[in-house]
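Novice: generate coordinates for the sequence data below:
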Amino acid sequence: MRERVGAFADVFANPALRRLQLAWIGSMLGGWAYTVAVAVYAYDRGGAAAVGLVALIRGAPAAVLSPWTAILGDRLPRRTVMLGADLVRAALMGAMAATALSGGPAALVYVLAACSAAAGTAFRPAQAALMPALARSPEELTASNVVSSTVERAGIFSGPAHGGLLLAATSPGVTFAAVGATFLWSALNLVRLPDTGRPVGGEPAGVVEEALAGARTIVANARVRLLVSLFAAQTFVDGALGVLVVVLALQRLHIGASGVGFLNAVQGVGGLVGGVAAAALVGRRRLAGDFGLGILLWGVPLVLVGIWPAEWPALVLLTLVGVGNTIVDVAGMTLLQRGVPDEVLCRVFGVLECLALGSISLGAVLAPALYHWLGIRGALILVGAILPAAAVVAGPALRAIDGAAAAPEHLERLRTVPFLALLPPPQIELLAGRLAPVRVAAGEDVFREGDLGDRFYLIESGELEIAGRSHGPGGYFGEIALLRDVPRTATVRALTDVRLLALDRDDFIGAVTGHAPSAEAADVVIGTRLPALAG
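Specialist: Model prediction:
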């Protein structure tokens, strides 16, 4: 427990992570306060139908655009993408405030609201993808995800409360202006983040090709595909629950409109409690089983509410749903950050956000039909059973993920290379898992001067000759041709039987050039080695 508390302390002692979390607070607070303000504004001008229309024009474009806006986070510095999203949203909030306060057309406010939602889709994927680059250890990354999830759960309370208090004291127009200020607060914290550079080097592909890269990564990687599928199932149930809770409170429990609020609020309370429970995940490499447990905690309580639909049991059981939600978020996000290459990480999160928005909408659309078909108890039992069933089916695959989660065998060896030691912990772990053993017999060449550079090498055992000098265990070579995009600058010959570890060109270049400190350190190494080779 002391180690876990220390990891949380490290999150706030790390200036970059602290500023990232403060920016996330501003974004969450503004987003929820704005949601309340725009709903009240729409209701005042067009009743419930206008509220539904605003929800549609904010949600649908955001779901469609999120895989496309996520391209920015994999092609530009992620700090820049988040900063741009904040400044655009602040400007749009200012325009909405001016329109509302001047009595301008409601349609313009709705269009601006849709634009703000679209701009916001670039923020969360970039934030999730940037976090591994700022964390200094795997434990710190998990702890930072716990903090982010807790901020999100707290935002569900404080954001609407902030918006409601402003609306009670002022008007929607003034509230829009205040929301713009929260986005500026977020931007001020982002300005002070370190520049981590572009995520990858090389020339970008076409826009469609770029947008599909995240989806292709998910389809091609069975473990990532499993995690994303379970996330989508969870958000589908979440969408259905949003509707069924209203019916449960009004039609079955007869606790009125305030009861709807209480049933939703306890999920937020459970989320905050889950933040404490998720502290147990800090320092754990095997998180897939915890992810499955979170999925079970999402579904089983809903089945029990359907079996026992009474007020106090429902409040307690829906609190457990909130606990499960936090565990799913923390374990799932950390697993994705560890398992997806950095060069497509933001786009994978963009696809995840698209699927989440779409599946929430689908769940909300299907829930009324399930209620009319099965009644509230049957609908809750059926919807709740989806996740336990999915967890049981996915159980063997989740156990396999945990079985492979031990620290990669050659992780510490990679950390002896100066420019690789600077990589974010999840990235260097990913590279360690991709090292391939190579054996070279005495007298044979590893490669010859002028050959095409295709691999980076670490010397495990034996002696090699490079430009007339002997190199033994602990050495490395091959980085010059890869990073400078030139033919091999010297012949490397085995003086004895040699055992090497090799890293493919694309993996090596993507990691080193995608992290500014590593790229700068590699340039220093190359600058030192080239004169020796020329001599």
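Novice: burial of residue 528, as a residue count?
Specialist: Number of residues near residue 528 (other Cβ atoms under 10 Å) recorded here: 9. (Glycine included, C-beta is placed from N, CA and C.)
Novice: could you check the pLDDT of it?
Specialist: pLDDT, residue 528: 71.
Novice: is it fair to say it lies in a helix?
Specialist: Yes - Residue 528: assigned to a helix according to DSSP: H, G, I helix; E, B strand; the rest coil.
Novice: for it, give its distance to residue 69.
Specialist: 41 Å (Cβ to Cβ, to the nearest Å).
Novice: what does residue 477 give?
Specialist: With distances taken as Cβ to Cβ, residue 477 is found 41 Å from residue 69.
Novice: residue 501 belongs to a strand?
Specialist: Yes - applying three-state DSSP, one finds residue 501 inside a strand.
Novice: hmm, it is touching residue 435, no?
Specialist: Yes - using Cβ atoms under 8 Å, residue 501 is in contact with residue 435, at 4.4 Å.
Novice: domains of the chain?
Specialist: 14-137+157-195, 217-406, 411-534 (automatic domain parsing).
Novice: excluding covalently adjacent residues, which one is nearest to residue 319?
Specialist: Leaving aside its chain neighbours, residue 319 sits nearest to residue 270 (3.9 Å; criterion: Cβ to Cβ, 6 or more residues apart in numbering).
Novice: how many residues are close by that neighbour?
Specialist: Count around residue 270 with other Cβ under 10 Å applied: 25.
Novice: what about it, helix or strand, and which?
Specialist: Assessed by DSSP states H and E, residue 270 sits inside helix 256-277.
Novice: check which element follows that helix along the chain.
Specialist: helix 288-307.
Novice: so which residue is dead centre in the protein?
Specialist: Centroid-nearest residue in the chain: residue 128, 3.4 Å away (criterion: Cα atoms, centre = their mean).
Novice: that one contacts residue 333, doesn't it?
Specialist: Yes - between residue 128 and residue 333 there is a contact at 6.2 Å, judged by Cβ under 8 Å.
Novice: hey, what's in contact with both of these two?
Specialist: Applying Cβ atoms under 8 Å, 6 or more residues apart in numbering, one finds that residue 128 and residue 333 are jointly contacted by residue 148.
Novice: tell me the SS of the residue located most distally from the centre of the chain?
Specialist: The outermost residue of the chain relative to its centre, with distances by Cα atoms, centre = their mean, is residue 443 at 48.7 Å. Under three-state DSSP, residue 443 falls in the coil class.
Novice: report the secondary structure element holding residue 229.
Specialist: helix 222-247.
Novice: residue 85 now?
Specialist: Residue 85 belongs to helix 78-101, assigned by DSSP H and E.
Novice: and the next helix or strand after that helix with helix 78-101, angle?
Specialist: Following helix 78-101 in sequence order, the next helix or strand is helix 106-120 (DSSP H and E). With axes from the mean of the first three to the mean of the last three Cα atoms, to 10 degrees defining the directions, helix 106-120 sits at 170 degrees from helix 78-101.
Novice: picking that back up, ok, how many other residues are close to the spatially closest residue to the residue farthest from the centre of the chain that is not a sequence neighbour?
Specialist: Spatial nearest neighbour of residue 443, excluding adjacent residues (Cβ to Cβ, 6+ apart): residue 494 at 6.5 Å. By other Cβ under 10 Å, the residues close to residue 494 number 19.
Novice: likewise residue 395?
Specialist: The criterion is other Cβ under 10 Å. On that basis, residue 395 has 13 neighbouring residues.
Novice: wait, it touches residue 295, no?
Specialist: No - using Cβ under 8 Å, residue 395 is not in contact with residue 295, being 10.2 Å away.
Novice: Provide a list of residues in contact with the residue lying closest to residue 79 once chain neighbours are set aside.
Specialist: Spatial nearest neighbour of residue 79, chain neighbours left out: residue 193 (4.7 Å); criterion: Cβ to Cβ, 6+ apart. By Cβ under 8 Å, 6+ apart, the contact list for residue 193 reads 16, 19, 20, 79, 134.
Novice: and the helices in the stretch 1-150 of the chain?
Specialist: According to DSSP state H, counting those that start in this stretch, the stretch 1-150 of the chain carries its helices in the segments 2-13, 15-75, 78-101, 106-120, 123-134, 138-169.
Novice: ok, which of the ones you listed comes nearest residue 368?
Specialist: Minimum separation from residue 368 across those (Cβ to Cβ) falls at helix 15-75, 13.3 Å.
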